[in-house]
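# Sequence plus the predicted model coming up.
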Amino acid sequence: MAGGSLSQPTVFYSSKDALHRALGNYSSFSGVDMVASITIPLRSQELEVKGIPPGKASSKTYIIGNLQTLSISTHTDKIPVRSLGFRSPKGFTSGHRTYAGTLIFALFDKYALHDIRQSLLDMWNTKSVYYPKSIITPPNYLMADSMPPFDITMTVANEYGQMCTAVIKGVTIVDDGMTISIDDLMTEQTMTYQALAYKPLIPMSINSGNTLYTDKTVDINSVGGIA
């Protein structure tokens with residue numbers, strides 16, 4: 001062909017590492033690659049009496065398999081600084097930062113967080129975990145907006161074995177709603193939340209000891225707890 005051929009020869013790779021090097025350092029994922037889990041810090045009344053902070057107590061993790069959509073956004077208050085005689089601002093001041101988002105669940109024959117809520121109530125009734133009485137609504141009914149702050153961990157892996165993770169810390173539910181309509185083929189439950197901190201997606205790797213690890217330089221401390 002005049003001017004040379006645009007076709008490339010077929011290349012066969014003998015190992016996964018060689019394939020990864022050929023693909024480059026960037027990976028892509030979709031929602032079907034993600035598994036989300038909720039980690040709730042637990043504390044007994046004995047720990048409460050001793051004054052041990054919530055972050056030092058144990059925790060319990062639940063896989064949320066009915067989660068369809070998760071969104072997270074940040075907002076920072078920034079105010080322009082102006083001076084006389086200048087139309088444009090001189091700069092901007094940074095104020096409060098807010099983390100918030102939405103959780104959308106596929107609703108089956110029970111409340112979206114029913115199993116987690118029931119597990120917390122069972123532990124509360126057996127005195128194995130302590131919550132202030134103000135968050136338990138009689139008769140022993142725990143609403144989503146009354147659950148203790150929890151962490152959401154997103155673990156993502158694609159068919160090439162590439163992995164990444166993200167964490168939303170100190171999540172508290174603000175709004176909870178559901179719509180049932182003859183025009184909808186399925187029922188969804190929507191919750192909006194606010195959070196204390198957010199660690200964006202970062203790659204995960206497996207070291208020689210088959211242990212998952214991430215870049216600790218972007219890690220954040222656990223801030224979940226019971227107010």
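Nice, thanks for sending it over.
# From here on, just use CA atoms for contacts and neighbour counts.
Fine.
# Please enumerate residues in contact with the strand or helix carrying residue 189?
When elements are defined using DSSP states H and E, residue 189 is found to belong to strand 188-195. Strand 188-195 has contacts (C-alpha atoms under 8 Å, 6 or more residues apart in numbering) with 98-107, 112, 168-179.
# could you redo the last one with a cut-off of 6 Å?
Outside strand 188-195, the residues that touch it by C-alpha atoms under 6 Å, 6 or more residues apart in numbering are 99-107, 170-178.
# Show me just the buried residues among the residues you listed.
99-107, 170-173, 176 (16 or more other C-alpha atoms under 10 Å).
# What distance do you get for residue 78 to residue 96?
Distance, residue 78 to residue 96, using C-alpha to C-alpha, to the nearest Å: 8 Å.
# what about those two, which has more around it?
Legend: neighbour count by other C-alpha atoms under 10 Å for residue 78 and residue 96, higher for residue 78 (13 against 8).
# from memory the more buried one sits against residue 93, does it?
Yes. Using C-alpha atoms under 6 Å, residue 78 is in contact with residue 93, at 5.4 Å.
# what kind of secondary structure is residue 123 in?
Per DSSP: H, G, I helix; E, B strand; the rest coil, the secondary structure class of residue 123 is helix.
# Low-confidence ranges, the chain, go.
For the chain, applying pLDDT under 70 flags the ranges 1-26, 43-57, 125-141, 206-227.
# cutoff 90 now
1-33, 40-61, 65, 107-150, 157-165, 178-187, 200-227 (pLDDT under 90).
# Quickly list what residue 98 is bridged to.
For residue 98, the beta-bridge partners are residue 75 (DSSP bridges).
# what's the neighbour count on it?
Residues near residue 98, counting by other C-alpha under 10 Å, number 14.
# Distance check, it against residue 107.
Look at residue 98 and residue 107: by C-alpha to C-alpha, they are 28 Å apart.
# same check, this time on residue 77
Residue 77 is 36 Å from residue 107, by C-alpha to C-alpha.
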